[in-house]
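Asker: Quick one, what's the 3D model for this:
(2 chains)
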Amino acid sequence: MSNPASATTAKPSSSVKLVLLGEAAVGKSSLVLRFVNNDFQENKEPTIGAAFLTQKIQLSNRVIKFEIWDTAGQERFASLAPMYYRNAQAALVVYDLTKPTSLTKAKHWVAELQRQASPGIVIALVGNKLDLCAEVSNSDANTPAPSEADSEAVETEEAEATEGGDARKVPTREAKAYAEEESLLFFETSAKAGTNVSDVFRAIANAIPEKELKPGKGTGAGRGTDSAISNAAGSAGQATVNLTDRAKQQKDNCAC
Amino acid sequence: MSQHGDQVEHEVQDVSSDPHRPPLPPRPSTLSFFQDGSKPNTSSRPPTRAGLVSRATTALSVADANAFSSGSVRNLRSVSSQNISSPSRSKSASRTASETADDSSIRSLELSSEHAQEQDSIFGEAFHNKRSDDFGLDSGFLSTNEAREETELVPQVDFDQEFADVPDEHDDDELAHNLWKAKKKHFLILSAAGKPIYTRHGSDAIISSYVGIIQTIISAYTSWDNQLRSFLADDTKFVILSQTNLFLVAISTLPESEVQLRAQLDALYMQILSTLTLPTLSHIFSVRPSTDLRRPLQGTEVLLSALADSFTRGSPSTLLTSLESLRMRKAHRKIINDTMVKARVDDLLYGLIVAGGRLVSVIRPKKHSLHPGDLQLIFNMLFEAEGIKAGGGESFLPICLPGFNNRGYLYMYVSFLDVASEAVRELDIDEKIAKEDAVAIILLSANKESFEDLQSMKSYLIHELRKNGSMKVIHRAVQNGRPLPTDIVPGTALRHFLYKSKGNVQFFMPSFEAQFSDSQSRRQLFSIYGLLHASVHAKFATVKVQHMVNTTCSALAWVTPMFELYCIASAGTPRNALAQNANKVVQYIQREEERIFLIGGATF
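Answerer: Numbers count the residues shown, from 1 in each chain, chains lettered A, B, ... in the order given. The predicted structure is shown next:
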C-alpha cells in the first residue's frame, strides 16, 4: 500500500477519481477504511451523503492517487449519485455476498454507469463480506483474476459451502459470469479480514489506460477554484504537506 | 436564614399585600438584582441603582401556584410570613430591587425533605416517595402535572441500563417486556396509519402492541375532533406531537415538563425533516398513507437515537434552545471571522467553525440568519453521532435545515481537523478523537455542485488560520475548557449554573467539575435545571426569580428580558449567598460577554 517515501520518488504520479456505489450496508465504507487506513470497525454507522478520501498506491512505473468518493447506499441519496460518478475514471460497485438483492442493486448501478458515466470508466464488481462465507470460497476468492479455469473449482466450493454454516447466498459463479458478460473486474473481498481489498484497488489502477491519466496536480484542493481565492497556490502547497504528514500518521496507526 | 439541619426555613413575604409599591423603572443595563449592603463590592454600584430601591420583593410563592396546580402542593412548603429573622436579612430584603414587584418575584419552595440527609451531599440518594395516586389514563391526561415532579425529584438513572439493548422478543418474552418498561424514557415515532417508524428501545415485535395502543388512544381523540397532547399515567408522562401524518411520542419518568418533552419531540421531527424535507414527507403520505417511512429514513436511526440519548442525559442546548460558543478573545474571534470572510467562495451560504459542539465562528449573508435549531441538528449529526466523524476525510451531504427552509436541501461540506498536531493535518479516517477536541469546518451551500469550491475554500482557510496563529488560539481555547465556578466567582458556593443570553441565543456554563463528571450526577443536575426551567416557564407564570431548596441543594432561577440564569449550590446555602453569587455570575458574564458569546458573527 502507500509508502510515505512515495511523495519524494520521481515516479510520475496521477490522480484517479473513483466512486463507490452499492446498496446500503454492503460494506462500502469498510472497504475504503481498510484500503485507506488498514482498519476495520464493527457496527459502523451508515455514511450520510458521501465521504471524500484519498489514498496513494504504488505501481511499478507510476504512482496513482485515488480520490475516493464513498457514497451512502440509502435510496434517498441515489439521485445524488451522478454528481459523484460524473468524470469518475473508476467505480467500485459493491454487493453483499450474503444478500442476493444487493447483487440485483449492483447490476442496476452497473447499468447506470454504463449508460451515463464517462465512456472509459473502469468498473469493478466487488462481493464483500467474504469472512461470513465458508473457508473454501475464501481460498478460491484469493485468486483474484477471473479465469475460465476456475469454474470447476467454483462448483465444488458451492456444493461444500451449504454445509459449513455458511452465510453465502450469492454463488461466485453467478456474479463472475455476470462480470465477464459486462467486462467488469471481479473480486470477492472481506473488509473485515482484509482479504483482497488492496488487490481490488491495484487491479483498478492497472486497468486504467495510461493515456487516461491526468498528471496529478496536488490534491483536489485548488482545482476548480477561480473566484475569491487568490492564494490558492499557497493552499496547494499546504495540501502537499498535509498528505505527507498524513501518510506518516497512517503508518503509526497501522497495526501491521 | 437558617443554615442548620435539613429544614431550611422559608421567610416569605407576600408582596401582593403591599399596595404602596411605586411603579418600577425599566431594568437597568447593569444587572445586579440582589443587593447586600454588607458586601463592599456591591456597594459601589452605579448611582442609578438608588432609584430602584423599593419594597422588598424577595418573596412569595403561593400566588404562583398555577405552575403547580395539580394537587401535590403539599410538597411545596412555603410559608407566608412577614418575619424576617435576622437584621441583616431584613436589610437586604428591603433593599432588594425588582422590576417584577407587582407579582411574586421570588418563590421559595422546599422539595420533599422528609428524608434527612447530610447537608453537603448534593444530589445524594434520590428520593423515592411512593405515590398512591391512582392516575389512570382517563383522569390523568389533562393534568399539567408539574407538581408531581417534586416527589420524584432527581431520580437516579443507570445509563448503562438505560441505553442497553432490549433483547428480541422471542428470546424471553416477559423479560424483554420488563426490560423495555424499565427504561426511564422512550421515544416512539409512528405514522398516522399506525406504522412504527422509530423507537429508541426495543424491536418491532416488542413495541408493536404498545404502538397499537398509542395509536388507538390518539385516534380516539382525533375522531372526537380533539387533539391529545399529553397524559399522565402514574408517574409516567406521555407527550404527543402530531405533525404531517406523524405521531411523535415521548414517554418519560424523568422530571421533565410537557413543554420540555415537546421541545425534544420537535427536535426529532426536525431531524426527520432535515432528512426528507417537508414536501417529500407530505407527498409520501398523500400518495400512500400506509407507507413505511423507515425505508426513506433508512440510516438516520442513529441520528434520532443520538438526539434522543442526549435528551435522556440532559441537554442544556435543548433545554435553553440556544447554543454554546467557544470562549476566546474578541480580537481573536474577529481575526477568524475576517479570515473566513476572506476565504469565502461565491457559492457559500453559511460558514462555520465549530469546536466540540461549541461555536468558534460563523459567517453568513446579511439577509439570512441561522436558526439555533438548525445548528443543533448539524451539531448532533457531527458531534453526537459517529457517522460523519467516523467517515474520515471530508464529507459532502444534502441536508434540509428546517429553520432556514423546510422545502429544500442545502449541501453541507464538513471537514474535521485536529488542531492539536503541529501540522494541523486533516483527520485520518476513523482516528479516535475526543469529542472535546474535534474541530470541524462546516461550509453550507445551496449549490449541489459546490464541493470542489468548498473544498478549496477549506484548504485556503486552514492555510490562513495557521499562518495568522488562529489555529493555535482555537486549540488553546479548546484545551482550557470551561472555567470552574470558583474561577468565575472565587470561593463561590455555586456548584454549577446555566446562563442563557436571550439576545445572542447562546448559553454559557462552567465546567461540570469533579462533582458532575459522571453522567448520573449530571442527569440529576439537569433534572433540577429542568424543574427550575419548568416553573419559570410554566404557562401564565409570572415568576421571575425562584428559589428552590431541598435536602440536597439550594437552587435559584432568575429570568429577565435579557437573560435566564439557573444556578445550583450545595444544600443549606442561604438564599442571600445564593443571590449574591448569582449577581456576581451575571456581572462576570456581562464583563466577559464579548468573549463568552459570539456576537452577531461576520456577515457578507
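Asker: can you map out the helices along the stretch 401-550 of chain B?
Answerer: Using DSSP state H, counting those that start in this stretch, the helices of the stretch 401-550 of chain B run over B:451-467, B:470-480, B:485-488, B:519-537.
Asker: With distance to residue A:204 as extra columns, can I get the ones you listed in JSON lines?
Answerer: The way it works is simple: take the backbone N, C-alpha and C, and place the C-beta from them, glycine included. Shown next, in JSON lines, are these (distance: least, CB to CB, whole Å):
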{"stretch": "helix B:451-467", "distance to residue A:204": "22"}
{"stretch": "helix B:470-480", "distance to residue A:204": "36"}
{"stretch": "helix B:485-488", "distance to residue A:204": "56"}
{"stretch": "helix B:519-537", "distance to residue A:204": "46"}
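Asker: which of those helices is buried the deepest?
Answerer: helix B:451-467 (a mean of 24; mean count of other CB atoms under 10 Å in any protein chain shown).
Asker: Show me what that one is packed up against.
Answerer: helix A:232-253, helix B:330-343, strand B:348-355, strand B:394-399, strand B:410-417, strand B:439-445, helix B:470-480 (3 or more CB pairs under 8 Å, 6 or more residues apart in numbering or on different chains; DSSP states H and E).
Asker: need the contact list for the closest residue to residue A:197 other than its chain neighbours.
Answerer: Sequence neighbours aside, residue A:34 is the residue nearest to residue A:197 in space, at 4.6 Å (criterion: CB to CB, 6 or more residues apart in numbering or on different chains). If you count contacts by CB atoms under 8 Å, 6 or more residues apart in numbering or on different chains, residue A:34 has them with A:40, A:191, A:194, A:197.
Asker: Phi first, then psi, for the last one.
Answerer: Think residue A:197. When read as degrees, to the nearest 10, the backbone of residue A:197 gives phi -70, psi -50.
Asker: What is the neighbour count of it?
Answerer: 25 (other CB atoms under 10 Å in any protein chain shown).
Asker: do you know how far residue B:579 is from chain A?
Answerer: 47 Å (CB to the nearest CB, to the nearest Å).
Asker: packing partners for the helix or strand where that residue lies?
Answerer: In this assignment (DSSP states H and E), residue B:579 forms part of helix B:575-596. Secondary-structure packing of helix B:575-596 (3+ CB pairs under 8 Å, 6+ apart): helix B:87-95, helix B:485-488, strand B:494-501, strand B:506-508, strand B:553-559, strand B:563-570.
Asker: Identify all contacting residues around the last one.
Answerer: Contacting residues not belonging to strand B:563-570 are listed as B:31, B:119-120, B:122, B:320, B:492-502, B:525, B:528-529, B:532-533, B:536, B:553-559, B:577-578, B:581-582, B:585-586, B:589 [CB under 8 Å, 6+ apart].
Asker: Out of the helices and strands packed on helix B:451-467, the one nearest residue B:314 is which?
Answerer: strand B:348-355 (20.7 Å; CB to CB).
Asker: just to revisit the earlier point, now the helices and strands packed on helix B:451-467 in JSON lines, with distance to residue B:210 and mean pLDDT?
Answerer: Converted to JSON lines, the helices and strands packed on helix B:451-467 look like this (distance: least, CB to CB, whole Å; pLDDT from 0 to 100):
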{"stretch": "helix A:232-253", "distance to residue B:210": "45", "mean pLDDT": "41"}
{"stretch": "helix B:330-343", "distance to residue B:210": "48", "mean pLDDT": "94"}
{"stretch": "strand B:348-355", "distance to residue B:210": "38", "mean pLDDT": "94"}
{"stretch": "strand B:394-399", "distance to residue B:210": "32", "mean pLDDT": "92"}
{"stretch": "strand B:410-417", "distance to residue B:210": "36", "mean pLDDT": "92"}
{"stretch": "strand B:439-445", "distance to residue B:210": "38", "mean pLDDT": "94"}
{"stretch": "helix B:470-480", "distance to residue B:210": "43", "mean pLDDT": "88"}
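Asker: Out of the ones you listed, flag the one nearest residue A:23.
Answerer: strand B:394-399 (18.4 Å).
Asker: what's next to the closest one, contact-wise?
Answerer: Against strand B:394-399 from outside (CB under 8 Å, 6+ apart): A:48-53, A:72, A:77, A:80, B:274, B:377-378, B:381, B:388, B:409-415, B:426, B:444, B:448, B:451, B:454-455, B:458.
Asker: List the neighbouring strands of it plus their orientation.
Answerer: Applying DSSP bridges to the sheet, strand B:394-399 is found paired with strand A:50-58 (antiparallel), strand B:410-417 (antiparallel).
Asker: Which of those strands has the highest mean neighbour count?
Answerer: Among those, highest average neighbours (mean count of other CB under 10 Å) belong to strand B:410-417, with a mean of 24.
Asker: What's the local residue count around whatever residue of chain A ends up closest to chain B?
Answerer: In chain A, the residue that lies nearest chain B is residue A:49 (2.2 Å; CB to the nearest CB). A count of neighbours around residue A:49, defined by other CB under 10 Å, yields 24.
Asker: got a pLDDT number for it?
Answerer: For residue A:49, the pLDDT comes out at 88.
Asker: I'd guessed it sits against residue A:80; true?
Answerer: Yes: at 7.5 Å, residue A:49 counts as touching residue A:80 under the criterion of CB atoms under 8 Å.
Asker: any common contacting residues for those two?
Answerer: A:71, B:398.
Asker: related to what we said a few turns ago, give me the spatial nearest neighbour of the residue of chain A closest to chain B, chain neighbours excluded.
Answerer: residue B:397 (2.2 Å).
Asker: Identify the bridge partners of that neighbour.
Answerer: If you apply DSSP bridges, the partners that residue B:397 bridges to are residue B:412.
Asker: Tell me which residue of the stretch 51-200 of chain B lies closest to chain A.
Answerer: For the stretch 51-200 of chain B, CB to the nearest CB, closest residue to chain A: residue B:165, 11.4 Å.
Asker: any bit of the strand or helix carrying residue B:377 sitting next to chain A?
Answerer: Using DSSP H and E, residue B:377 maps to helix B:372-379. No: judged by CB under 8 Å from any CB of the partner chain, helix B:372-379 and chain A are separated, with a smallest distance of 11.5 Å.
Asker: I'd like to know the average pLDDT value across that helix.
Answerer: On average, helix B:372-379 scores 91.
Asker: How about stretch B:228-245?
Answerer: The average pLDDT within stretch B:228-245 is 92.
Asker: mind checking the backbone torsions on the closest residue to residue B:243 other than its chain neighbours?
Answerer: Sequence neighbours aside, residue B:269 is the residue nearest to residue B:243 in space, at 5.2 Å (criterion: CB to CB, 6+ apart). Main-chain dihedrals, residue B:269, degrees, to the nearest 10: phi -60, psi -40.
Asker: Am I right that residue B:269 is in contact with residue B:240?
Answerer: No: if you go by CB under 8 Å, residue B:269 and residue B:240 don't touch, sitting 11.8 Å apart.
Asker: More neighbours: which of those two?
Answerer: Taking neighbours as other CB under 10 Å, residue B:269 and residue B:240 compare with residue B:240 leading, 24 against 19.
Asker: doesn't that one fall inside a strand?
Answerer: Yes: using DSSP: H, G, I helix; E, B strand; the rest coil, the secondary structure at residue B:240 is a strand.
Asker: Dig out what it forms beta bridges with.
Answerer: With DSSP bridges applied, residue B:240 shows beta-bridge pairing to residue B:249.
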